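Trainee: What would the 3D arrangement of this be:
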Amino acid sequence: MLHDLALITPQLILLIAALFTLVADPFLPIDASRKFWGLFGAGMSALAVVACAVLWKYGPFEMHTPAFSYHLSASGHALFFTALVSMCAMITHMSSPEYLVEQKSHYGEYYALLHFATFGMAVMVSAESLLTLFIGLEIMSMSIYVLVAFKRTSQASVEAGLKYFVMGSVASAFLLYGIAFLFGLSGGTSFIEIQRALLAPKPGQDLWLGLAVVLTGGAFLFKVAAVPLHMWTPDVYEGAPTPITGFMSSAVKASAFGSFLKFLYAGLSGPAMASLHLPLGQVLGLFAVLTMTVGNILALTQRSIKRMLAYSAVAHAGYLLLGTIATIDDPTLGAPFLAPTGAVPFYLVGYALASLAGFAALSSLGKNGEELTTEGHLAGLSKRHPIAALALTVSVLSLAGVPPTLGFFGKLQILRDVLAVENGKYLPHVIILVLNSVVSAYYYLKIPVAMYMRPDSKANRQYVREPSLTWAMALPALALLALGIMPGRAMSWASRSEQAIRAGTESANVAHSYAVVKGGGSAKPVAAVALEKPVAAAPVR
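Mentor: Numbers count the residues shown, from 1 in each chain. From the prediction side, this is the model:
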C-alpha cells in the first residue's frame, strides 16, 4: 500500500491542493484570496514537479512497476508528462490572479478546477488501463469545460464552453465504445491484458480490432485537435479566458499526446497489430499532413491573435502526429514490438513553453474587461509594455522554429527521427512539414513586426502589470532560449521517457508471454520475471 501511495505522490499533491482550495476558499476574505490562491497553486504545482524529479532520479525499479491492480505506474513516460503538465499549471496559476480581477471573474473555484484538471491529466498519462485513462480524461474534461466558460458575463466564453462540452462528450462516447470493443477482444482493459491478447492473430479478429482502433483513435484525434476534428478549436481558444487558452494549448495537448503514445505503443502493439490490414503509420501520416496544412492555411487569414494561435495549435498537432510515427524496436520485448522515439515529448516541451509565454503576454493586454488581442492592438507594444512584447516575440519565434529557440530543435528532432523510419519511407511527409513551417513563418513574424515596427497607436491603452504575471511571461521565454542554446539535456530526458513507456512489470510479463507463444520461452514464473531489472534501452536513432 505504501508503495502504491509513494508511486502516485505527484498526483496526490495535486489532488490535495484541489480539495484544500475548494474547502478553504469560502473562509478567506476576497482580497486575501486574490493574493493567496495564485501563489499557493503555483507552489503546489512546483512541488508536484519536484516529486516527479525525485521519483525519476531516486525511485528504485519497483517504483516503476504498476500499482493499484495494474491501473497506474510511475514509469519514465508517466513522470515526464506529469512533470510537464504540472509545470504548465504552475505558469497558469501565476498568470491568472490579476487577469481574473480585471475581467471581473475572480472566484476561488477557478484555482480548484485548475488543480482538478491537472490531476486528471496526471492520471491520464500515468494510466496502465484504458478505464483509468478514461477516468482521468473525464476529470480533466469536466474541469476544462467549466474553465472555458468561466467568464460568466461573456457570451463568447459561455458559448465556447457549451460547444466544447457537446463535442467533447461525443468524443468521450466514441472512446468508451472503442474501449468496449477492446475489452471484448482481450477480456480486460489494462494495457498488459490487451497486449497479451494481441500476441497471436486470431480468425475474425481484424474487423473488431479495426473498429476499436478507429473509435478510440478518433477520440484522441479530437483531443489533439487534428483535422477534420479541429473545428471546435478557434471558438474555444478565443472565448476562453486567456490563461486557460494557454493552459489548453500546452497542458491539454501534452496530456492528450502523452496518453495517445501510451495507447499506441503500450497497448496497440505486437503481432496482431502488425498483421492488421490497417497501415496505422500511413494513416497517421495522412492525418498529420492534412492537419498541418489546413491549420497553417487557415491561420494565414486570421486577424485575432487568439484565433491565429488556435489554428497554429492545429498545425502543431500535425507536426506532433507525424512525430508519433518515429519508432525504434523495443529492446525489452523484441520485434515486432515498437517504442516511440523522444521526438514528441521533446517537441511538446518547446511548444508548451512557447504557448505559455505567448498567452501570458496576451493576458497582460487590456484592463477592466477589455482584451487587446488583434494585430492593430499590438502596434507600439514594444514601447508601452516591453516585457510582454519581448516574451511574445520569443514565443512566436520558437513556434516558427527559428534558431536558437527550443522550437527549432524540436522540429529538427522530428525531421531526423521520421526520416530514420524504414529508410526514408516518410520523406514526402517531411518535405511537406518543412514547407508548412515556411508558410507559418509569415503569420508568426507579423506579430513582432506589429509590435516593433508599426507606429505607436494614439489610443490610451492600459495593461495588467503584476509581478506574478511578469514572471509567468519571463520564465518560459527564458527557458525557451536557455534550452535552445543547450538542448542536449532535454533531448536525453525525452528519449529516456519513451524508452520506458511500458512499466517494468508490463514489459517483463509481455516478453515472457511472447517467448512462450513462440515456443522458446522460459518456464520462469511471471512474478519472478517481473522483478528482474529490464534490459537497457537502445539509443534513439
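Trainee: where in the stretch 251-400 of the chain is pLDDT low?
Mentor: Along the stretch 251-400 of the chain, segments meeting pLDDT under 70 span 270-277, 331-336, 367-369.
Trainee: again, but for the chain
Mentor: 1, 32, 60-62, 64, 201, 270-277, 331-336, 367-369, 457-461, 504-541.
Trainee: Centre-most residue in it?
Mentor: A254 (0.6 Å; Cα atoms, centre = their mean).
Trainee: Can you list phi and psi of that one for me?
Mentor: phi -60, psi -50 (degrees, to the nearest 10).
Trainee: mind listing the helices for the stretch 1-150 of the chain?
Mentor: Assigned by DSSP state H, counting those that start in this stretch, the stretch 1-150 of the chain shows helices spanning 2-7, 9-24, 30-58, 76-95, 97-102, 109-126, 130-148.
Trainee: sorry, back to before: OK, contacts around the residue nearest to the centre of the chain?
Mentor: If a contact means Cβ atoms under 8 Å, 6 or more residues apart in numbering, then A254 has 81, 84-85, 88, 121, 348, 352 as its contacts. Yep, even glycine has a C-beta here, placed from its N, CA and C like the rest.
Trainee: now do 7 Å
Mentor: 81, 84-85, 88, 348, 352 (Cβ atoms under 7 Å, 6 or more residues apart in numbering).
Trainee: Looking at neighbours, which among those residues is most surrounded?
Mentor: V85 (34 neighbours; other Cβ atoms under 10 Å).
Trainee: pretty sure that residue contacts V123?
Mentor: No. Checked against Cβ atoms under 7 Å, the pair V85 and V123 is beyond contact range at 10.5 Å.
Trainee: With distance to P228 added, can I get the helices of the stretch 1-150 of the chain in TSV?
Mentor: Formatted as TSV, those follow (distance: least, Cβ to Cβ, whole Å):
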stretch	distance to P228
helix 2-7	39
helix 9-24	34
helix 30-58	34
helix 76-95	26
helix 97-102	33
helix 109-126	24
helix 130-148	20
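Trainee: contacting residues for L278?
Mentor: Counted by Cβ under 7 Å, 6+ apart, L278 has contacts 210, 213.
Trainee: quick one: it from V213, how far?
Mentor: 6 Å (Cβ to Cβ, to the nearest Å).
Trainee: ok, now L284?
Mentor: Following Cβ to Cβ, the distance that separates L284 from V213 is 11 Å.
Trainee: Same check on S250?
Mentor: 28 Å.
Trainee: who has more neighbours, those two?
Mentor: More crowded of S250 and V213, by other Cβ under 10 Å: S250, with 30 against 21.
Trainee: Neighbours of T374, how many?
Mentor: There are 17 residues near T374, going by other Cβ under 10 Å.
Trainee: Then the one 3 residues further on?
Mentor: Taking other Cβ under 10 Å as the criterion, the count of residues near H377 is 20.
Trainee: Next: the one 3 residues further on.
Mentor: Other residues within reach of G380 by the criterion other Cβ under 10 Å amount to 20.
Trainee: So it sits against D456, correct?
Mentor: Yes. Counting by Cβ under 7 Å, G380 does reach D456; the two are 3.0 Å apart.
Trainee: Now do the SS call for M231.
Mentor: What DSSP: H, G, I helix; E, B strand; the rest coil gives for M231 is coil.
Trainee: Would you mind measuring from it to Y237?
Mentor: Where Y237 is concerned, M231 sits at a distance of 12 Å (Cβ to Cβ).
Trainee: show me the contacts for R307.
Mentor: So R307 contacts 234, 237-238 (Cβ under 7 Å, 6+ apart).
Trainee: Apologies, that question was intended for T293.
Mentor: Contacts of T293 by Cβ under 7 Å, 6+ apart are 432, 436.
Trainee: And it, how close does it get to L433?
Mentor: Counting by Cβ to Cβ - T293 and L433 are separated by 10 Å.
Trainee: can you check T92 too?
Mentor: In terms of Cβ to Cβ, T92 sits 29 Å off from L433.
Trainee: quick one, which of these two is more surrounded?
Mentor: Higher neighbour count among T92 and L433: T92, with 32 against 24, using other Cβ under 10 Å.
Trainee: quick one on the thing from earlier: quick one: closest of the helices of the stretch 1-150 of the chain to H429.
Mentor: H429 sits nearest to helix 76-95 of all these, at 24.5 Å, using Cβ to Cβ.
Trainee: Run through the neighbouring helices and strands of that closest one.
Mentor: Here helix 76-95 touches helix 9-24, helix 30-58, helix 109-126, helix 242-247, helix 253-262, helix 343-363, helix 467-485, helix 488-499, going by 3 or more Cβ pairs under 7 Å, 6 or more residues apart in numbering; DSSP states H and E.
Trainee: now those helices in a markdown table, with distance to L133?
Mentor: Output for the helices and strands packed on helix 76-95, formatted as a markdown table (distance: least, Cβ to Cβ, whole Å):
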| stretch | distance to L133 |
| --- | --- |
| helix 9-24 | 14 |
| helix 30-58 | 19 |
| helix 109-126 | 6 |
| helix 242-247 | 20 |
| helix 253-262 | 6 |
| helix 343-363 | 17 |
| helix 467-485 | 28 |
| helix 488-499 | 17 |
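Trainee: Which among these is found nearest to G218?
Mentor: helix 253-262 (11.7 Å).
Trainee: in the closest one, what counts as buried?
Mentor: 253-262 (16 or more other Cβ atoms under 10 Å).
Trainee: Okay, helices next: where are they in the stretch 201-350 of the chain?
Mentor: Counting by DSSP H, counting those that start in this stretch, the helices of the stretch 201-350 of the chain are 205-223, 233-239, 242-247, 253-262, 271-275, 280-299, 305-323, 343-363.
Trainee: Tabulate these in a markdown table, adding columns for distance to S398.
Mentor: A markdown table is the format used below for these (distance: least, Cβ to Cβ, whole Å):
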| stretch | distance to S398 |
| --- | --- |
| helix 205-223 | 23 |
| helix 233-239 | 18 |
| helix 242-247 | 14 |
| helix 253-262 | 15 |
| helix 271-275 | 35 |
| helix 280-299 | 16 |
| helix 305-323 | 11 |
| helix 343-363 | 4 |
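Trainee: Indicate which one of the ones you listed is closest to G41.
Mentor: Once the helices of the stretch 201-350 of the chain are compared by Cβ to Cβ, helix 242-247 is nearest, at 11.3 Å.
Trainee: ok, and what's touching that closest one?
Mentor: Under Cβ under 7 Å, 6+ apart, the answer for helix 242-247 is 88, 92, 95-96, 99, 147-148, 150, 237, 306, 355-356, 359-360, 362-363, 371.
Trainee: and if we set it to 6 Å?
Mentor: 92, 95-96, 99, 147, 237, 355-356, 359, 362-363 (Cβ atoms under 6 Å, 6 or more residues apart in numbering).
Trainee: Stretch 386-393 now?
Mentor: In contact with stretch 386-393 (Cβ under 6 Å, 6+ apart) are residues 357-358, 361, 364, 381-382, 448, 451, 470, 473, 477.
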